[in-house]
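Visitor: below are the sequence and a predicted model for it; my questions follow.
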Amino acid sequence: MTEFLPFLKNKVIGFLKISDQVARYKAVETIEHEVEELENIFGVLVLGSFIGVPSPPMQISLDLMPFMEKELILMLEKVDTANAPISQLFSVLNIG
Amino acid sequence: MINRFFMGKGGVGKSTSAALMAVFLAQRGYQVLMISLDPAHNQSDIFERNLTDKPLEIFPRLFAMEINQQTWIRAYLKDVHSHIKKTYSYLTSFNLEKYFSVIKHSPGLEEYALILAFEKIRKDYSHYDYLIFDMPPTALSLKFFSLPSLSLVWIDHLLALRREIIRKRELITKVKMLGKEFEADKVLRKIEAQHHQYQTLKDTFEDTEQTQLFLVLNPDKLSHAESLRIFNSLREIDIQLFHAVYNKRPVDEYCADIDPVFGHIPVLNFPFSKIPLIGLTNLQNFLNTNKSVLENQKIFL
């Protein structure tokens, strides 16, 4: 009995911690997606000339480029899902 | 230090007018640096010297140099490329290699090369009283002057969008990591630095105590028409003309008056010279013969 109680206590604490973490991740899931979309828009705006979109003066893009590897990769990844935006939205909103 | 720019339609005598101004100011005791931003590089021919990207003494207190746009474009792209190699993963950087071989031909880089050269010259040669810039043909000159304003429009939008991203990202970090410290955003810092750079340039171009624009024109219709377009384009970006230079004005002959649009701008009348204005001696002789052209004008510091 003396061994069981601390074991149970640890399990409950562990469960609560995980629940807390899950709740936190759930709470920001949609915002995270929104940020990803904004970062994609930003990438397209700055580096649009690489995919044929009107873009700022070349030197603005070139000056920012060394710091934008993440956006560049994200932008290229988005190309794969660009033809199915509705299914992507449904997956974000957990529909279906 | 004052920046004086000579611009106008091709062939009106921008380089000669700039050279005359440079010689005149040096004769009056000012330290003058003449910089040719025109790819045609007429200053080497006018002063009959081989000019490079380092100031060469032409006359006591008068120095001259030429800027090669292509050299500046190459140096700039090399810098960006090496920066990308340092910050990107090998594979991404490798995939971008092929773009860099074509970027050097992109529109917009020529005027940016001139802007970079202008900033460097202002920084390195600030001990001169006058920096006289012999500008390239109209289209490129106008792009040069409008680059800061145009870039600021983009930068303001990018700045607002980036701040929105960071605000949301901080919110996520706060919830997930219970308020750990945020990493400073390098992209935001770079956009802010760009904003500062272009705002400083814009302020410099709009300040008539730092930037003085001389619009060179000839007594003919085409030159008047193009000068009018230059005048209006500059006005749209809040840049004022300092003087108009009415060059090659015929002596003892009827000549159309300068367009009334330029009426409120002081005009320097450079008469037509029968002797080609090439070589320091000819330039000095011209100034001695036409003393009143520049002497009575309020064109000094």
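Guide: Perfect, thanks for sending it.
Visitor: tally of neighbours for the residue of the stretch 101-250 of chain B found nearest chain A?
Guide: Closest residue of the stretch 101-250 of chain B to chain A, CB to the nearest CB: B:W154 (3.9 Å). For the C-beta atoms, the positions are set from N, CA and C on the backbone; glycine is no exception. If you count neighbours by other CB atoms under 10 Å in any protein chain shown, B:W154 ends up with 19.
Visitor: show me what contacts B:F24?
Guide: B:287, B:294 (CB atoms under 8 Å, 6 or more residues apart in numbering or on different chains).
Visitor: any idea how far it is from A:E32?
Guide: 66 Å (CB to CB, to the nearest Å).
Visitor: do B:H224 as well
Guide: 61 Å.
Visitor: do the same with B:K85
Guide: 30 Å.
Visitor: mind checking the longest helix of the chain?
Guide: Using chain A. helix A:4-47 (DSSP state H).
Visitor: let's do chain B instead
Guide: Per DSSP H, chain B has its longest helix at helix B:138-177.
Visitor: so B:E57 sits in a strand?
Guide: Yes: the assignment for B:E57 (DSSP: H, G, I helix; E, B strand; the rest coil) places it in a strand.
Visitor: so what's it closest to, chain neighbours aside?
Guide: Spatial nearest neighbour of B:E57, excluding adjacent residues (CB to CB, 6 or more residues apart in numbering or on different chains): B:F63 at 5.5 Å.
Visitor: give the buried residues for the strand or helix carrying the one you found.
Guide: Using DSSP states H and E, B:F63 sits in strand B:62-66. For strand B:62-66, a neighbour-count test (16 or more other CB atoms under 10 Å in any protein chain shown) marks B:62-66 as buried.
Visitor: please identify the buried residues of the helix or strand following it?
Guide: Once strand B:62-66 ends, the next helix or strand along the chain (criterion: DSSP H and E) is helix B:69-87. By neighbour count with 16+ other CB under 10 Å, helix B:69-87 contains the buried residues B:69, B:72-73, B:76-77, B:80-81, B:84.
Visitor: what does stretch B:108-124 give?
Guide: B:108-118, B:121-122.
Visitor: in JSON lines: the residues you listed, plus secondary structure, pLDDT and distance to chain A.
Guide: Output for the buried residues of stretch B:108-124, formatted as JSON lines (DSSP: H, G, I helix; E, B strand; the rest coil; pLDDT from 0 to 100; distance: CB to the nearest CB, whole Å):
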{"residue": "B:G108", "secondary structure": "coil", "pLDDT": "82", "distance to chain A": "4"}
{"residue": "B:L109", "secondary structure": "helix", "pLDDT": "88", "distance to chain A": "6"}
{"residue": "B:E110", "secondary structure": "helix", "pLDDT": "89", "distance to chain A": "10"}
{"residue": "B:E111", "secondary structure": "helix", "pLDDT": "91", "distance to chain A": "9"}
{"residue": "B:Y112", "secondary structure": "helix", "pLDDT": "92", "distance to chain A": "4"}
{"residue": "B:A113", "secondary structure": "helix", "pLDDT": "92", "distance to chain A": "9"}
{"residue": "B:L114", "secondary structure": "helix", "pLDDT": "94", "distance to chain A": "11"}
{"residue": "B:I115", "secondary structure": "helix", "pLDDT": "95", "distance to chain A": "8"}
{"residue": "B:L116", "secondary structure": "helix", "pLDDT": "94", "distance to chain A": "9"}
{"residue": "B:A117", "secondary structure": "helix", "pLDDT": "95", "distance to chain A": "13"}
{"residue": "B:F118", "secondary structure": "helix", "pLDDT": "96", "distance to chain A": "13"}
{"residue": "B:I121", "secondary structure": "helix", "pLDDT": "96", "distance to chain A": "18"}
{"residue": "B:R122", "secondary structure": "helix", "pLDDT": "95", "distance to chain A": "18"}
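Visitor: many thanks, I have nothing further to ask.
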